[in-house]
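J.: Could you look at this predicted model? Sequence included:
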Amino acid sequence: MKYAPATIAALLMGLSLGASAQTAATPAATTKVAIVAFQAAVAQTNEFQRDFADLQKKFTPKRDQLKALNDEIDGLKKQLQAQGSTLTDAQRTEKTRAIDDKTKSLQRTAEEDQNDFKQALQETYGSVATKVGQVLIDYAKQHGYTLVLDGDQQQESVILYASDTTNITKAVIDAYNAKSGIPAPPKPAAAPAPAGKTPAGR
């Protein structure tokens, strides 16, 4: 999924325009260019990971309802198949109609849920991305970069080559996490070893 908030485009454009103006005023100055994977930087911040986890929790009840309805439809289909020879035409038609109605309801509700989740995710991303964009600009100014290019592999790019030393993605992530003060989310607990088995080497 691609996200390209207009606010971020404006921030990056402002940085480029500012760099151009500075270069024009001091033509003898050395151009210092940096590369950043902006979308990846936003997604890896502690704040976005925390908010994304909260978003998933928020939509879990609806997902559970959808799963329950899907299981109910599967059960009705199996029941109809098993009882097919013993049902009258009217009974078969009634059960088939009930399955169709529930299936349409499931599809409609699932589509609404997906759209709501995408919208909420985009809003969450956009909120963090705006702040990361400002930190990026501040970082670039503090370190004397005259131009910062988005080198995200998921975006269309005109960058043909860039040295690893020009990539400031991790530095921007670290700078943002330090400014936000939000700790890294806890890592998932390791799955317990199956009963009857011991860890390797014992």
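T.: Happy to help now that I have it. Residues are numbered from 1 along each chain as shown.
J.: Could you use CA atoms for every contact and neighbour count after this?
T.: Noted.
J.: Quick check: what element follows the lowest-mean-pLDDT helix or strand in the chain along the chain?
T.: The helix or strand of the chain with the poorest confidence is helix 6-25; it has a mean of 44 (mean pLDDT, DSSP states H and E). As assigned by DSSP states H and E, the chain's next helix or strand after helix 6-25 is strand 33-36.
J.: Run through who's touching that following strand.
T.: 145-152, 162, 166-169 (CA atoms under 8 Å, 6 or more residues apart in numbering).
J.: Tell me which other helices or strands the helix or strand just after that strand touches.
T.: As assigned by DSSP H and E, the chain's next helix or strand after strand 33-36 is helix 38-43. On a contact count with 3 or more CA pairs under 8 Å, 6 or more residues apart in numbering; DSSP states H and E, helix 38-43 meets helix 89-142, helix 169-180.
J.: Buried deepest among those helices, which one?
T.: Comparing the helices and strands packed on helix 38-43 by mean neighbour count (mean count of other CA atoms under 10 Å), helix 169-180 comes out on top with a mean of 18.
J.: I'd like the distance between L76 and G151.
T.: 51 Å (CA to CA, to the nearest Å).
J.: more neighbours, these two?
T.: G151 (22 against 16; other CA atoms under 10 Å).
J.: Would you mind measuring from that one to G144?
T.: Taking CA to CA, one finds G151 at 19 Å from G144.
J.: I'd like to know which of the contacts of strand 33-36 are buried.
T.: 145-152, 167-169 (16 or more other CA atoms under 10 Å).
J.: List the contacts of T60.
T.: Contacts for T60 (CA under 8 Å, 6+ apart) come out as none.
J.: Low-confidence ranges, the protein, go.
T.: 1-29, 153-161, 188-202 (pLDDT under 70).
J.: rerun that using 90 as the cut-off
T.: 1-31, 81-89, 91, 146-147, 150-167, 185-202 (pLDDT under 90).
J.: Quick one: distance of the strand or helix carrying D54 to the chain centre.
T.: For D54, the element it lies in under DSSP H and E is helix 46-83. Its chain's C-alpha centre and that of helix 46-83 lie 20 Å apart, by CA atoms, centre = their mean, to the nearest Å.
J.: orientation of it relative to helix 89-142 in degrees?
T.: 170 degrees (axes from the mean of the first three to the mean of the last three CA atoms, to 10 degrees).
J.: So for helix 46-83, what gets flagged as buried?
T.: So helix 46-83, judged by 16+ other CA under 10 Å, has buried residues 46-49, 51-52, 63, 66, 69-70, 73, 76, 80.
J.: Rebuild the residues you listed as TSV, extending it with distance to G181.
T.: Listed next are the buried residues of helix 46-83 as TSV, based on distance: CA to CA, whole Å:
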residue	distance to G181
N46	9
E47	9
F48	13
Q49	14
D51	14
F52	17
R63	32
L66	37
L69	42
N70	42
I73	47
L76	52
L80	57
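J.: one step back: between the contacts of strand 33-36, which is closest to N115?
T.: D152 (25.2 Å; CA to CA).
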